[in-house]
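Student: quick one: sequence and predicted model below, then my questions.
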Amino acid sequence: MSDDSMREFKDEPSDRELRISELLAQYLRDRDQGESDDEEKFLAANEEFADDLRMLLDMGRVIEDMAGPLVDEDSVYGQQVNEISASSLATGELEDDAPSVTGVGTGTVVSTTARDPNQSGSLSGKEPAEPEGYQFGEYELLEVIGQGGMGIVYKARQRNLDRIVAVKMIRVGSLALDDEISRFYSEAQKAGRAVHPNLTSVYEIGELDGRHYYAMQFVDGTDLAELLRHDKISNNRIAEILRDVSAGIHAAHTHGVLHRDLKPANVLIRFSDGSALVTDFGLARQVTNPENLTRPGDTVGTPSYMSPEQASAKTDALCAASDVYSIGAILYEMLSGRPPFHAESAASTVMEVLNLDPTPPSQVQSKVSPELEAVCLKCLEKNPADRYQSAEELAEEFSRFLSGAPVLAELPNKLLQGLRWFRNVPAIGRITGNTMIRPKRAHRVVNHCLWIVPLLIVLGIFGWGMIRNMLVPAEVTLASGQRHHFYHKVGESLHRAVALRDARDLIVRTTAGSQENVNLVVDGSVHLAIAQWETIPLSEEIAIVAPLFLDKVHFVVKQGSNIRSLEDLEGRNVSLGLPNSGMRLTSERILRVCEVDTSTIGEKNRSFEDLITFPQMEAAIITTSSSNPVLHGLLADSRFQLITFSLEQIEKLLQTGYRRDRLISRDFPELVGPAGIPTISTMAFLITHVDSSDALVESTLHTLYDEIDGESVVSKLGLIKRPLAREFSVRFHPSAVRFYSLKK
């Protein structure tokens, strides 16, 4: 297969995969350099990827634990182990012929792992290998054919039986750890537990002169990985090889052993008869119940060939079907020329194993046997229950293919193919939890269409009338103002009326005031708000629902402050209202029109209530309803008085859009005489977004004006009544225009 065609089918890593790889690589580098070793802090700082990062770090620890502290970190092999157990998990590729982290296989080791015969000195970085021709008990060690983290493998002659064998022994430097010796014997026992023509045999386990060893079958041949690199294998030959592999693995399963690291490098092909033998049980796990074939513990393997349950470290889910998956991954590579999943890094590969469906081999390579493709895809099902339930079933399937009989596996039908295709549509992928989507252009087109289809369905089924009714949210949010102020009091009254009238919930949100309320309506954070006229923009985003009340300007000063007019405010501590409030906007406009320099005024961001609690405060310009209970509480204190504007100032302010008004003695009997105090006022409105539904506006207006138990919100609070409201020339919401045009 050409490089161009391989590039055509190679999936690019997703942004998420790349980010996970970058984060993990950086953490490992920092840890190795001693800059950081706080794993929980690292995971907390990257919460979005924490589950994936934790899984990969756990896998790295498992590999390091299984390799053990057998070699010096500066040695040649120590560097290889570190690459596999840490860096390659984050940024490197795990090659099929990489040295096993738990030791060399139980059969021959291909030339890619064999030592150069001219090489001398330490294999482990510390301990030298025994010299070739060395007599080791009944064995004459002929040459080193492999090495691993735990031991060295020699080609040897067993003199008493005059046969060639492979002898594996623990390195001298590893004898200090008893658990490593136990692991060495465990590997030998698991490899020797099942005797089968398609498994490499163990002949002897023992100890000589303090050196632990076991002798095993020497296979004169090559491994499947090497064969695939150089030869094109026919369909029948593929079936023959994997029938042997499946038969051997089934024998191991019947003796309670899962292999857990099946890959082309661990399948040996004998030169003499072409038979296949499974080797390297270094990662195998013994189980006490052959029916279950699982045992709690850590799982590792080669990412491109491991099953999803093994990749996610769910050891309680491992079963015979897990090794069946790995055989399917080998079959995939034999058919297509590449593993089913092989990303830029081991971390990305694991994520693909967990989340992606394999591309059918026939879409990667032409002239793929449909029968073998069906067998392959059945082996690679994500759910173990959907695979062959035993390696024996798989071996029988290959036998059927070789005999010309139809296989039992079937290619996914059109419906299943369609469902899998739709899983790569971004919107559907998010719903189904598929975070590793690979959308093509057609997927993106469908994704855009999905946003239109639901709307069309709703319109067709329920009709426009029901949609209008549904556009009144179950919860409506209203931005009012500061707690205990009149704006908030209006909001609370509407809240109670909505609950009684419509059994809906009106959420009243406290804010700094009008300017903030307008912004909340514009950006869609609230449905309704109360705002002064001056803060409502001229743009068409805001629509008026109803005029509510007049906000009068109250000029309040502290007795003895010698403030008698607006001009006296310069250089004084004066409350102009909270930032982003209508009160603040009105105060600054009044002072600007009356040519008072606001830059000299101190403490202007404080609320007017601070006149009582903050001794340095001397005055406040308060724009609010004269019914405001907080204002009444302030003016009940004899330390404060109301000051009038000059007639000249009022005339100037009227030119900017304010109304002529008067503070009356009914509101402030102790401070205002019968003639009242001249002032100006502005209007407070109930506003909404211009795109708000008719149903929402109509419901709100009825809540405002309709009587409940003989009293409406308008009459209870003294707000502007409906007949007068229709006289205002403002930009009403279309639904409000219709409402006010109706005579009542």
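Tutor: Arrived safely.

Student: residue contacts, the nearest residue to Asn628 once chain neighbours are set aside?
Tutor: Distances taken as Cβ to Cβ, 6 or more residues apart in numbering place Phe486 nearest to Asn628, at 4.3 Å, with adjacent residues excluded. C-betas here are computed from N, CA, C, even on glycine. Contacts for Phe486 were tallied using Cβ atoms under 8 Å, 6 or more residues apart in numbering; they are Phe549, Thr624, Ser625, Ser627, Asn628, Pro629.

Student: any idea how far the nearest residue to the third one once chain neighbours are set aside is from Ala684?
Tutor: Beyond its immediate neighbours in the sequence, the residue positioned closest to Ser625 (Cβ to Cβ, 6+ apart) is Phe486, lying 4.3 Å away. Summarising the geometry, the distance separating Phe486 from Ala684, computed by Cβ to Cβ, to the nearest Å, is 9 Å.

Student: overlap in contacts of the two?
Tutor: Shared contacts of Phe486 and Ala684, counting by Cβ under 8 Å, 6+ apart, come down to Phe549, Ser625.

Student: low-confidence stretches in the stretch 351-500 of the chain?
Tutor: Counting by pLDDT under 70, the stretch 351-500 of the chain shows low-confidence ranges at 412-440, 442-444, 446-448, 450-451, 458-471.

Student: for the helix ranked longest in the chain, buried residues please.
Tutor: Scanning the chain for the longest helix, with DSSP state H as the assignment, gives helix 235-254. Using 16 or more other Cβ atoms under 10 Å as the test for burial, helix 235-254 gives 235, 237-254.

Student: so what's Met169 bridging to?
Tutor: Ile152, Tyr213 (DSSP bridges).

Student: what is the neighbour count of Val690?
Tutor: Number of residues near Val690 (other Cβ atoms under 10 Å) recorded here: 15.

Student: now the residue nearest to it when sequence neighbours are not counted: how far from Gln649?
Tutor: Spatially, and ignoring its direct neighbours in sequence, Val690 is nearest to Ala543 (4.4 Å; Cβ to Cβ, 6+ apart). Ala543 sits 33 Å away from Gln649, going by Cβ to Cβ.

Student: over to Met306?
Tutor: 83 Å.

Student: between those two, which one's more packed in?
Tutor: Met306 (27 against 20).

Student: now name the helix or strand holding that one.
Tutor: Using DSSP states H and E, Met306 maps to neither a helix nor a strand.

Student: pLDDT score assigned to it?
Tutor: Per-residue confidence (pLDDT) for Met306: 89.

Student: number the residues from 57 up from this point.
Tutor: All set: I'll call the first residue 57, so the last point we hit is now Met362.

Student: what's it in contact with, if anything?
Tutor: Contacts for Met362 (Cβ under 8 Å, 6+ apart) come out as Arg316, Asp317, Thr355, Tyr381, Ser382, Val409.

Student: can I get those residues in a markdown table including distance to Ala568, neighbour count and secondary structure?
Tutor: Formatted as a markdown table, the contacts of Met362 follow (distance: Cβ to Cβ, whole Å; neighbours: other Cβ atoms under 10 Å; DSSP: H, G, I helix; E, B strand; the rest coil):
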| residue | distance to Ala568 | neighbour count | secondary structure |
| --- | --- | --- | --- |
| Arg316 | 63 | 22 | coil |
| Asp317 | 64 | 25 | coil |
| Thr355 | 57 | 23 | coil |
| Tyr381 | 61 | 25 | helix |
| Ser382 | 64 | 26 | helix |
| Val409 | 53 | 28 | helix |
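
Student: now these as JSON lines including distance to Thr735?
Tutor: Below are the contacts of Met362 laid out as JSON lines (distance: Cβ to Cβ, whole Å):
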{"residue": "Arg316", "distance to Thr735": "86"}
{"residue": "Asp317", "distance to Thr735": "88"}
{"residue": "Thr355", "distance to Thr735": "80"}
{"residue": "Tyr381", "distance to Thr735": "83"}
{"residue": "Ser382", "distance to Thr735": "86"}
{"residue": "Val409", "distance to Thr735": "76"}
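
Student: how many neighbours does Glu452 have?
Tutor: Around Glu452 sit 18 other residues, with neighbours defined as other Cβ under 10 Å.

Student: sorry, that was for Phe784
Tutor: Neighbour count of Phe784, defined by other Cβ under 10 Å: 15.

Student: beta partners for the nearest residue to it once chain neighbours are set aside?
Tutor: For Phe784, ignoring the flanking residues on the chain, the nearest one in space by Cβ to Cβ, 6+ apart is Pro603 at 5.2 Å. Residues in a beta bridge with Pro603, per DSSP bridges, are Phe741.

Student: for Leu264, same thing?
Tutor: Arg267.

Student: is it true that it touches Tyr190?
Tutor: No - contact criterion Cβ atoms under 8 Å: Leu264 and Tyr190 do not qualify, at 11.8 Å.

Student: give the residues shared as contacts by those two.
Tutor: Contact criterion Cβ under 8 Å, 6+ apart; residues shared by Leu264 and Tyr190: none found.

Student: next, the contact list for Leu318, please.
Tutor: Counting by Cβ under 8 Å, 6+ apart, Leu318 has contacts Val301, Ile305, Val334, Tyr361, Asp379, Ser382, Ile383, Ala385, Ile386.

Student: for it, which three-state class applies?
Tutor: coil (DSSP: H, G, I helix; E, B strand; the rest coil).

Student: in the stretch 307-456 of the chain, which spans are helices?
Tutor: Ranges of helices in the stretch 307-456 of the chain, per DSSP state H, counting those that start in this stretch, are 364-367, 376-392, 402-411, 417-420, 426-435, 447-459.

Student: now the first one - C-alpha only, PDB.
Tutor: Right, helix 364-367. Provided in PDB are the C-alpha atoms of helix 364-367 (Å, rounded to 0.1, in the frame of the first residue of the first chain):
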ATOM      1  CA  PRO A 364     -11.500  -1.500  25.400                       C
ATOM      2  CA  GLU A 365     -12.000  -3.100  28.800                       C
ATOM      3  CA  GLN A 366      -8.200  -3.600  29.100                       C
ATOM      4  CA  ALA A 367      -7.400  -0.100  27.900                       C
END
